[in-house]
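> When you get a sec, could you give me coordinates for this:
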Amino acid sequence: MTSTQNPTNVAAVQTAAQDRQIRPRPVMDRLPKYAAGKPPAVIEGLQPYKLSSNENPLPPIPEVLEAIQSQHNIQRYPDPLSTALRTELSRFLDVPAEDIVTGAGSLGALVQILQTFAGQSEDGTADEVVYAWRSFEAYPIMIGLSGAASVQITNRADGSHDLEAMAAALNERTKVVLLCTPNNPTGPALTTAQVEDFLAKVPQDVVVVIDEAYTEFVRDPEVVDGIKVYKKYPNVIVLRTFSKAHGLANLRVGYSVSNPELTQHLRVAATPFAVSSLAEDAAIASLKHYDKVVERVQSLVDERDRVVAGLSELGWKIPESQGNFVWLPLGENAQDFAAYAGEQALSVRAFPNEGVRVSIGEVEANTRFLSLCANYTKGPGVS
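Numbering: from 1, shown residues only. Below you'll find the predicted structure:
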C-alpha cells in the first residue's frame with residue numbers, strides 16, 4: 001500500500017465494487033418461468049410415454065425425412081425471407097406470398113408481432129395486450145419481455161374465452177389482443193360467428209392475433225378459419241405452425257399471415273435467418289404431400305375421440321377439445337394426478353391448483369391413461 005492510500009477507503013471501494021453486480025431488467029423478477037413438459041419416469045416393466053408437451057407422437061412423413069437427409073448446405077446461411085416456403089404456402093393457403101412472414105415456430109412469429117406492435121409509448125407508459133387465461137403459458141413471458149403489460153381475462157367455466165369480458169377490457173392503451181383457438185391448454189375453439197362478433201367491437205387500430213397452432217385437429221365446421229377472417233379484417237394476424245400436425249416441432253418453423261400494411265413492419269422485426277434451410281425444405285415437403293399428413297392427423301383425432309368417449313363413460317367432466325390434447329379440470333388435485341400418472345410411466349402437464357393437460361399420444365399410451373383414470377377417484381364429475 002502506498003503512503004497516500006487509506007485502508008478504510010480501499011475497503012469502501014472494494015465493497016462498492018462487490019455491490020455493482022450485473023443484474024437483469026426489473027421485469028425479469030416479475031415474469032413467470034416457462035415450464036416445458038417433462039419426460040416420463042422410467043418404471044420397470046412399463047414402456048414410458050411422454051404426454052406432457054402436445055407433441056405429435058408420429059414421425060414426419062417419409063418425404064420430409066428424405067428432404068432433411070438430402071440437405072447438405074448447412075454451412076451456408078438460409079434465405080432470410082424463406083422465399084421458397086412462402087411461395088409454397090401461398091399456393092397451399094391461397095394467399096399472396098407477401099402476406100406471409102416466417103418465424104422460429106409460431107412462438108417466434110408471435111414474438112415478432114409483439115416487438116412490432118406492443119411495448120411502451122413515447123412517454124414510457126406500457127401498452128396493453130389482452131388475452132384469455134389460462135392460455136398458452138408463453139404469452140405473459142413474451143408480453144413482459146416486449147415491455148407491454150398483460151391483461152388476463154379469466155376463461156369461462158367450460159374453458160373457453162370470455163369474449164364479452166375481453167371486449168370490455170379494451171381501452172386506449174390496448175395494442176394487441178390474442179385469441180388462442182383451439183385454446184391451449186383447455187381445448188375449446190372459437191366459432192366464426194364468435195370471432196366476427198368480437199372483431200366488430202375491436203377498434204381498427206388494435207391488432208387481433210388468431211393463434212391457430214392446432215387448427216389441423218379441428219373437426220367442428222363452425223370453428224373459425226383464421227385465413228378467411230384475415231382477408232376480411234385488415235387488423236387480423238393469423239399464427240400457424242409446422243410443430244404439431246406436421247410433426248416438425250424440433251425444426252422450429254412457423255409463420256404469420258396478415259395484410260401488407262402489417263407485414264411491412266413485421267419484416268423489420270423478423271429475426272434474421274430464424275428458419276433454417278433444413279426446416280424450410282422439410283416444411284415444403286410436408287405441404288407437397290399434405291394428403292399423407294392429413295391421414296396421420298386423422299388417426300390422432302380418432303384417438304382423441306376415443307379418449308374423450310372413454311373419459312365420459314367414466315363420468316369425467318372435461319371441456320370440449322379441438323386440439324391434440326384433453327384438459328382435466330382437477331383443481332387442487334392436479335399435482336396429485338400428475339404424480340399418479342408418473343407412477344405409471346406417463347408424463348402429463350400439471351398446472352398446480354388448476355388442472356392437467358394430457359396430450360394424445362400412442363395408442364398404448366392413451367389406453368394406459370384411460371386405465372389410470374378409471375382407478376382415480378378424484379376425477380372431475382366423478383362421485
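> Okay, strands next: where are they in this protein?
Using DSSP state E, the strands of the chain run over 49-50, 100-103, 128-133, 149-154, 174-180, 207-211, 236-241, 254-257, 325-328, 346-347, 349-351, 355-359.
> Find the residue closest to Ile61 in space, skipping its chain neighbours.
Nearest non-adjacent residue to Ile61, counting by Cβ to Cβ, 6 or more residues apart in numbering: Lys292, 4.5 Å away. Just so you know, the C-beta spots here come from the backbone N, C-alpha and C atoms, and that holds for glycine as well.
> any idea how far the one you found is from Gln298?
As for Lys292, its distance to Gln298 is 11 Å (criterion: Cβ to Cβ, to the nearest Å).
> just to revisit the earlier point, can you put the strands of the chain in TSV and add mean neighbour count?
Shown next, in TSV, are these (neighbours: other Cβ atoms under 10 Å):
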stretch	mean neighbour count
strand 49-50	22
strand 100-103	26
strand 128-133	24
strand 149-154	17
strand 174-180	25
strand 207-211	25
strand 236-241	26
strand 254-257	26
strand 325-328	26
strand 346-347	24
strand 349-351	22
strand 355-359	27
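> Around Pro140, count how many other residues there are.
20 (other Cβ atoms under 10 Å).
> what's the nearest residue to it if we skip its chain neighbours?
Nearest one to Pro140, counting by Cβ to Cβ, 6+ apart, is Ser150 at 4.8 Å.
> I'd say that neighbour and Ala132 touch.
No: between Ser150 and Ala132 there is no contact under Cβ atoms under 8 Å: 11.3 Å.
> Quick one, grab the pLDDT at the closest residue to Asp162 other than its chain neighbours.
Nearest-residue entry for Asp162: Arg156, 5.1 Å, with adjacent residues in sequence omitted and distances by Cβ to Cβ, 6+ apart. Listed pLDDT for Arg156 reads 98.
> what's the answer for Thr4, then?
pLDDT recorded at Thr4 is 58.
> any idea how far Leu278 is from Pro78?
The gap separating Pro78 from Leu278 is 8 Å, by Cβ to Cβ.
> just wondering, since we're on Leu300, how far is it from Val294?
11 Å.
> give me the number of residues near the residue nearest to Ser160 when sequence neighbours are not counted?
Spatial nearest neighbour of Ser160, chain neighbours left out: Pro188 (4.0 Å); criterion: Cβ to Cβ, 6+ apart. Look at Pro188: counted by other Cβ under 10 Å, it has 23 neighbours.
> Likewise for Pro26?
7.
> Repeat that for Pro260.
11.
> quick one: the residue nearest to it when sequence neighbours are not counted from Ala132, how far?
Once flanking residues are discounted, Pro260 sits nearest to Glu98: 5.8 Å by Cβ to Cβ, 6+ apart. In this structure, Glu98 and Ala132 are 31 Å apart, going by Cβ to Cβ.
> same thing with Val326?
On the measure of Cβ to Cβ, Val326 and Ala132 end up 18 Å apart.
> same question, Asp220
To Ala132, Asp220 is 18 Å away according to Cβ to Cβ.
> again, but for Ser277
36 Å.
> What are the structural domain limits within the protein?
29-58+291-375, 62-288 (automatic domain parsing).
> I'd like those domains laid out as a markdown table, including distance to Asn9.
Converted to a markdown table, these look like this (distance: least, Cβ to Cβ, whole Å):
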| stretch | distance to Asn9 |
| --- | --- |
| domain 29-58+291-375 | 33 |
| domain 62-288 | 38 |
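> Which one, of those domains, ends up nearest to Arg23?
Nearest of the domains of the chain to Arg23, taken as Cβ to Cβ: domain 29-58+291-375 at 9.5 Å.
> Quick one: mean pLDDT over that closest one.
pLDDT averaged over domain 29-58+291-375 gives 95.
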